[in-house]
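>>> Okay, structure incoming, though there's no sequence with it:
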C-alpha cells in the first residue's frame with residue numbers, strides 16, 4: 001500500500017513558501033532527518049527553490065549511523081551552491097553554526113543595508129520547532145512528537161542583520177518512492193491516521209534485518225541469544241521473515257493475547273517507538289546509493305504508468 005499524506009494546511013504552506021520566495025530569499029535551509037536524508041528531502045521544495053543557495057541540515061544525527069551520515073554529508077556538499085552540516089536539535093548554541101554556514105553561501109548579503117533573509121523548511125516532525133526554540137533561547141514555536149504541529153509562518157530575528165522565516169512542516173502531494181513513504185511513516189513524519197503501524201513496522205524490520213541485525217538482538221534479548229554467539233544470533237534474525245521476527249519480538253516482550261496469540265499491533269508500536277526514540281541504537285535507513293536506486297525504479301514505474309494512461313486515452317479517442 002502506498003502511503004500518502006498531504007492535509008489542507010500543506011497546500012497553504014506551499015503557497016506561503018512561493019510568496020515568500022518572491023519577496024527575496026538569500027538562502028534556503030532544509031532540515032532533513034539524518035536517519036533518512038534522501039527520503040526526508042522534499043522534491044516539491046527543490047522545485048520551488050531551484051537556483052537558491054541551499055543549506056542541508058542533517059538533524060537528529062545523534063540517532064543516526066555516523067558512517068552513513070558521513071556519506072550523506074559528502075553527497076550534499078558535492079552539489080553546487082549547497083552546504084551540509086550535521087546537527088542535534090538539542091545542541092546548546094546551534095545558531096552560530098547555522099548563521100556562519102548561511103553567510104558562506106551568500107557572502108554579499110549582511111549588514112543593516114542588506115540583511116540576510118533565510119527560509120527554513122522541512123518535513124513534519126523533523127525537529128525544526130525544537131531547533132528554533134533552542135536557537136532563540138525561548139519557546140518561539142510549539143513542539144510535539146507528532147506530525148503537523150506548526151501551522152503558521154513566522155519571522156525570527158537571529159541577529160541584527162539575519163532574519164529567519166520559519167514555515168510549517170510540508171510533505172509533497174504524491175510520494176512516488178514507496179520505500180520513502182514507509183521510512184517517513186516509521187520516523188513519525190506522516191500523520192498517524194495515514195498508515196497502518198504493523199505494515200510500517202514490517203517494512204522497517206526488513207531494513208533493520210539487512211543492515212542492523214545485531215541491534216535487534218541487543219534490544220530485544222531474543223530467546224536463545226547469548227553474548228558468545230552474537231554473529232550467529234544476528235544471522236538467525238536476518239534469516240527470518242519480517243512477520244516472523246515481529247512475532248518473536250512480541251513473545252520476547254510478553255505481548256500475548258488471550259488463547260496464547262501474539263499481539264502484532266502492540267509489537268509494531270514497540271518497534272516504531274524504539275526506532276524513533278533511538279532505543280534501537282544509531283541507525284540510518286538509507287545511503288545515497290540506495291536512495292538513488294529507489295528513485296530510479298520509481299521514475300521508471302511512473303513512466304510506465306504515464307505511457308499506459310496515454311495509451312488508454314488514445315484508444316478512447318479512436319472509438
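Ah, there it is. Fair warning: this is a prediction, and the values are worked out from it, not measured in the lab. Numbers count the residues shown, from 1 in each chain.
>>> and residue 148, what pLDDT?
Note for residue 148: predicted pLDDT of 44.
>>> Tell me the buried residues in the longest helix along the chain?
Criterion DSSP state H: the longest helix present in the chain is helix 288-318. By neighbour count on 16 or more other C-beta atoms under 10 Å, the buried set for helix 288-318 is 288, 290-291, 294-295, 298. C-beta: built from backbone N, CA, C; applies to glycine.
>>> could you say what helices and strands it packs with?
Packing contacts for helix 288-318, counted by 3 or more C-beta pairs under 8 Å, 6 or more residues apart in numbering; DSSP states H and E, involve helix 66-77, helix 178-187.
>>> Turn the ones you listed into JSON lines, columns for mean pLDDT and distance to residue 261.
Formatted as JSON lines, the helices and strands packed on helix 288-318 follow (pLDDT from 0 to 100; distance: least, C-beta to C-beta, whole Å):
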{"stretch": "helix 66-77", "mean pLDDT": "98", "distance to residue 261": "37"}
{"stretch": "helix 178-187", "mean pLDDT": "95", "distance to residue 261": "25"}
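>>> Give me whichever of those is most buried.
helix 178-187 (a mean of 25; mean count of other C-beta atoms under 10 Å).
>>> what's in contact with it?
With contacts defined as C-beta atoms under 8 Å, 6 or more residues apart in numbering, helix 178-187 is touched by 2-4, 33, 35-36, 38-40, 123, 125, 171, 175, 190, 194-195, 199-201, 203-204, 207, 272, 275-276, 285-286, 291, 294, 298.
>>> and those residues, which are buried?
Neighbour-count burial (16+ other C-beta under 10 Å) is assigned, among the contacts of helix 178-187, to 3, 33, 35-36, 38-40, 123, 125, 171, 175, 190, 194-195, 200-201, 203-204, 207, 272, 275-276, 285-286, 291, 294, 298.
>>> Poorly predicted segments of the stretch 51-200 of the chain, please.
By pLDDT under 70, the low-scoring segments of the stretch 51-200 of the chain are 89-90, 138-152.
>>> can you give me the strands for it?
Ranges of strands within the stretch 51-200 of the chain are 54-59, 82-86, 116-122, 154-159, 162-166, based on DSSP state E, counting those that start in this stretch.
>>> Output those strands as JSON lines; include the columns distance to residue 240 and mean neighbour count.
Shown next, in JSON lines, are these (distance: least, C-beta to C-beta, whole Å; neighbours: other C-beta atoms under 10 Å):
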{"stretch": "strand 54-59", "distance to residue 240": "31", "mean neighbour count": "24"}
{"stretch": "strand 82-86", "distance to residue 240": "33", "mean neighbour count": "19"}
{"stretch": "strand 116-122", "distance to residue 240": "35", "mean neighbour count": "24"}
{"stretch": "strand 154-159", "distance to residue 240": "48", "mean neighbour count": "14"}
{"stretch": "strand 162-166", "distance to residue 240": "44", "mean neighbour count": "21"}
